[in-house]
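S.K.: No letters, just coordinates:
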């Protein structure tokens, strides 16, 4: 039987560390999340929204220039700087008493069309301010019955992630290479340009186009 009148459990959250997943389809940084509850938990379904709290750090002039594609021109920054969603994993937490720890995965891909990737790529160093917001359902015991409760709206924690962890994860998987996704038609145009100009590789063709653009 389910007890629908049980008091709402009190949970608290803390990020206790960070590492890189040793094996993953894409480079992944893992935040170690410590969950504490004031009563035994049978299970917890946890949806995490990991957001980059962009307003909580300063930026150099060069970083601001590189962030124009994310937040706009300097005169647009006052209204353009906003939180960016990095990841939204769903975690199934096993039962525990007192506290437990789980990993929150953060993929570190190269898709520059994602605002979070463009943002992280523009930074020169320092920390990345994160806000982890949680929703979900917690199943606990109360007076011998199963009690079900939704997490309160203010379930969240902040953490400052050293940018070096993100850079290291990408470097381990990709080295010094980066990729750009283009439509088939754009690739064919680049290929035709490369053949006509007898360039050895797409990289040489792109560098020639960039050099020509810089001379205009």
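M.R.: Now that the structure is in, tell me what you want to look at. Note that the structure is a prediction, hence the values are computed from the model and not measured.
S.K.: Please name the bridge partners of residue 30.
M.R.: Beta-bridge pairing for residue 30 (DSSP bridges): residue 19, residue 105.
S.K.: ugh, wrong one, residue 150
M.R.: Here residue 150, judged by DSSP bridges, has bridge partners residue 137.
S.K.: That one and residue 139 touch, don't they?
M.R.: No - using C-beta atoms under 8 Å as the test, residue 150 is too far from residue 139 to be in contact (11.1 Å). All C-beta atoms are positioned from the backbone trio N, CA, C, and that covers glycine.
S.K.: out of these two, which sits in the busier spot?
M.R.: residue 139 (16 against 11; other C-beta atoms under 10 Å).
S.K.: surely that one meets residue 145?
M.R.: No - using C-beta under 8 Å, residue 139 is not in contact with residue 145; the gap is 11.0 Å.
S.K.: Tell me what the closest residue to residue 56 other than its chain neighbours is bridged to.
M.R.: Distance criterion C-beta to C-beta, 6 or more residues apart in numbering; nearest residue to residue 56, sequence neighbours excluded, is residue 129 at 3.8 Å. Judged by DSSP bridges, the bridge partners of residue 129 are residue 160.
S.K.: Could you check how far residue 129 is from residue 161?
M.R.: 8 Å (C-beta to C-beta, to the nearest Å).
S.K.: more crowded one of those two?
M.R.: Using other C-beta under 10 Å, the more surrounded residue of residue 129 and residue 161 is residue 161, with 20 against 17.
S.K.: And the more buried one, how far from residue 31?
M.R.: Taking C-beta to C-beta, one finds residue 161 at 8 Å from residue 31.
S.K.: For the two, list the residues in contact with both.
M.R.: Common neighbours of residue 161 and residue 31 (criterion: C-beta atoms under 8 Å, 6 or more residues apart in numbering): 18, 130.
S.K.: what does stretch 122-133 rub up against?
M.R.: Outside stretch 122-133, the residues that reach it (C-beta under 8 Å, 6+ apart) are 13, 15, 31, 33, 48-54, 56-57, 60, 62-63, 66-67, 70, 83, 86, 104, 120, 155-164, 166.
S.K.: Pull up the distance across it, start to finish.
M.R.: Separation of the first and last residues of stretch 122-133 by C-alpha to C-alpha, to the nearest Å is 24 Å.
S.K.: just checking, what packs against the helix or strand where residue 103 lies?
M.R.: Applying DSSP states H and E as the criterion places residue 103 in strand 99-107. Strand 99-107 makes packing contacts with strand 28-37, strand 41-52, strand 84-87, strand 90-96 when contacts are defined by 3 or more C-beta pairs under 8 Å, 6 or more residues apart in numbering; DSSP states H and E.
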